[in-house]
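Student: give me coordinates for this.
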Amino acid sequence: MKRHCLLAGSLVLVGLLVTPVAGFGQDDYNYNVNFLVGLGGSVDENDAGFGNFDFQLGAAVYVESHTQVAVRLGLMDWGENDELGELTGSRLTYLTIAGEYRDRRGFFSGALFDSALFAGLGAYNLEGTDLDLEDFDQTAIGLTVGASGDFDVSKRFAIRLEGSGHYAGLDHAKFFVMLNFGLAYRF
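Tutor: Numbering: from 1, shown residues only. Next up is the predicted model:
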């Protein structure tokens, strides 16, 4: 199932990148890709905490002025000894597609950053080892919401900060939060 999700996500990503998009006057770019790293955890479990490493790859395309469709593929990893519900050594893999409203705000005479709010659907896969030392693997559909800010480094590059919340119908944990930062490239 995990391979099917990754294949579907790859096809959606390629489709977004090769789809012709008319310029909307928003900026000199219609696409962006990003690589983010950060920390996160599950709101359902106090023991696992929020210091779990995660990374995320993303791509977005403008479909209307101020409106993007964004795809995010990510992974959050709990340590081998961290417990998530009745699991140890857990790993959450996710693929989301979201509508994103992006707005540029200016300081003085120029815009120094743009901000975004997003909401969408996702596929979530949780793996780990249960109390009987059996491998656990479950996939569920879920929801994502979040906000991000891009701080311009150059015309094409920006530092991105992103916070997101996720809900997935998984047995051992349902609510996840992540705080990420990284590099976005616009073209």
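Student: could you list every residue that touches the residue nearest to the spatial centre of the chain?
Tutor: Centrality entry for the chain: nearest residue to the mean C-alpha point is residue 72, 4.4 Å, by C-alpha atoms, centre = their mean. With contact taken as C-beta atoms under 8 Å, 6 or more residues apart in numbering, residue 72 is in contact with 56-58, 94-96, 98, 144. All C-beta atoms are positioned from the backbone trio N, CA, C, and that covers glycine.
Student: so which of those belong to strands?
Tutor: Using DSSP state E to define strands, the subset of the contacts of residue 72 located there is 56-58, 94-96, 98, 144.
Student: name the nearest of the residues you listed relative to residue 155.
Tutor: Within the set of the ones in strands among the contacts of residue 72, residue 58 lies nearest residue 155; the separation is 19.6 Å, counting by C-beta to C-beta.
Student: please name the bridge partners of that closest one.
Tutor: The bridge-partner assignment for residue 58, based on DSSP bridges, gives residue 34, residue 72.
Student: next: residue 159.
Tutor: Here residue 159, judged by DSSP bridges, has bridge partners residue 151, residue 183.
Student: any low-confidence regions in the protein?
Tutor: Low-confidence segments of the chain (pLDDT under 70): 1-28, 46-48, 104-111.
Student: strands along that one, start to end?
Tutor: Taking DSSP E as the criterion, the chain carries its strands at 31-42, 52-64, 67-77, 83-84, 87-107, 110-129, 135-152, 157-168, 175-186.
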